[in-house]
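K.L.:
okay, predicted coordinates and the sequence, questions at the end:
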Amino acid sequence: MPVEPQRVKGDVVFVPDVHVPGEDPDAIEWALKEIQARRPAALVFLGDLVDAYHVSGFDHFPVGWTFGEELAKAGRLLQRFKAAMGTRPIWVLEGNHDFRPAKQLVRRVPGLAEIGVGSLRSLLKLNEMGFRWVAGERGFELNGVRVLHGVYARKWSGNSVRAHLEKLRWRQPVVMGHCHRLALVHDRTVWGMECGWLGLRDHPAMDYEWEDDWAQGLGILQADGQPQILRRELVMS
Ligand SMILES: [Mn+2]
C-alpha cells in the first residue's frame, strides 16, 4: 500500500544510511544533538538502518555478532531518536539492506514475505513502537518533495540524485540516501539532495566498496521548502 502524500508544519530532518552495527557512535551523537537543537516537526530515516550482512545473498565470512544482536542494537538506536522527538512523527524507509531478509523470503517462501515476515517493520515492531514504515522503491511524498532511499548509486557526489531526477521524472524535488554522499543539485525547476551516511569507514562487514567521497551528514527540508545539507566536519589525522 503506497503511503499517501504527507504534510507537516516546520522543518524536516532526514537521517541517512546508518548501517547498524557499523554506525559511527560519534556521528549518531552529533545527529541527536542537531535534532534536539533544531526541534524539527518530523524525522525521516532514509533507509539502510541495518546492514543485514548475515542475510544477504553474498558469501559470508565469520563476524563478531549475530543478526539478532544487530536488530536489538538498531531498536535501541531508534528509541533514542524517538525520545528526542517525543510525539512528533518519525518515518522509517526501507533501504536495500533492510530489505535483505524479506528478499530472501520473496525468492524462497513468497507467501511469508507477502504477510510481512522478514520486513524490518515486523522484525523491529516499528508500528507498535510508534514509527511510520514506508516500504518500496518509490518512497513517499512529504511537503511536496519525493523522499526515497534511492535505487541508483553513482560515482561522485550529486550524480546519484541527478540520475533519479532524470530517470524518474516525477517533476518534484527528490531527497535520497543510499549513495552515502552529500550533494545539493539544481536544475531549472527542481532540486535534489543526497544526505550522506552515518556509518564508520572501517565497517567490520563491508560487502560494498568504500568510496572516498562518502560523507557524514543530515538533510534538512526547511519549513519554507528550501533544502539544506548539514555536513559533519571530520578532523582528518
Ligand atoms: Mn546504504
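P.N.:
Arrived safely, thanks for sending. The model shown is predicted, which means the values in this text are computed figures rather than measured ones.
K.L.:
on the pLDDT front, check the closest residue to residue 200 other than its chain neighbours for me.
P.N.:
Residue nearest to residue 200 in three dimensions, not counting chain neighbours: residue 24, with 4.6 Å by Cβ to Cβ, 6 or more residues apart in numbering. Heads up, the C-betas are built off the backbone N, CA and C, glycines and all. Predicted confidence (pLDDT) at residue 24: the value is 95.
K.L.:
would you confirm that residue 24 contacts residue 196?
P.N.:
No. Taking Cβ atoms under 8 Å as the definition, residue 24 is not a contact partner of residue 196, at 11.2 Å.
K.L.:
tell me which of these two has more neighbours.
P.N.:
More neighbours sit around residue 196 than around the other of residue 24 and residue 196, counting by other Cβ atoms under 10 Å; the figures are 29 against 21.
K.L.:
which one is that one nearest to, not counting chain neighbours?
P.N.:
Nearest to residue 196 is residue 217, by Cβ to Cβ, 6+ apart, at 3.6 Å.
K.L.:
what is the burial count for the closest residue to residue 145 other than its chain neighbours?
P.N.:
Counting by Cβ to Cβ, 6+ apart, the nearest residue to residue 145 once its immediate chain neighbours are dropped is residue 173, at 4.6 Å. Here the count is done by other Cβ under 10 Å, and residue 173 has 21 residues near it.
K.L.:
which residues touch residue 173?
P.N.:
When the contact criterion is Cβ atoms under 8 Å, 6 or more residues apart in numbering, the partners of residue 173 are 144-146, 190-193, 227.
K.L.:
confidence-wise, which of the residues you listed comes last?
P.N.:
Lowest pLDDT among those: residue 190, 93.
K.L.:
how about it, phi and psi?
P.N.:
Geometry field for residue 190 lists phi and psi as phi -130, psi 170, criterion degrees, to the nearest 10.
K.L.:
for it, list the residues it contacts.
P.N.:
For residue 190, the contacting residues are 165, 171-174, taking Cβ under 8 Å, 6+ apart as the criterion.
K.L.:
go through these and say which is closest to residue 139.
P.N.:
The shortest gap between residue 139 and any of these belongs to residue 174, at 9.0 Å (Cβ to Cβ).
K.L.:
what parts of the protein come near the ion?
P.N.:
Taking Cβ under 5 Å from the ion as the test, the list of the chain residues beside the ion reads 17, 48.
K.L.:
show me where the chain has strands.
P.N.:
Ranges of strands in the chain, per DSSP state E, are 12-15, 42-45, 90-93, 132-134, 140-142, 145-148, 174-176, 182-186, 191-195, 217-221, 227-231.
K.L.:
from the rest of the structure, what touches the third one?
P.N.:
The reference is to strand 90-93. Judged by Cβ under 8 Å, 6+ apart, the contacts made with strand 90-93 from elsewhere in the structure are 6, 42-47, 49, 78, 81-82, 120-121, 126, 130-134, 139-140, 142, 147-149, 177.
K.L.:
packing partners for the helix ranked longest in the chain?
P.N.:
Of all the elements of type helix in the chain, the one with the most residues (DSSP state H) is helix 67-85. Other elements packing on helix 67-85 under the criterion 3 or more Cβ pairs under 8 Å, 6 or more residues apart in numbering; DSSP states H and E are helix 25-38, strand 42-45, strand 90-93.
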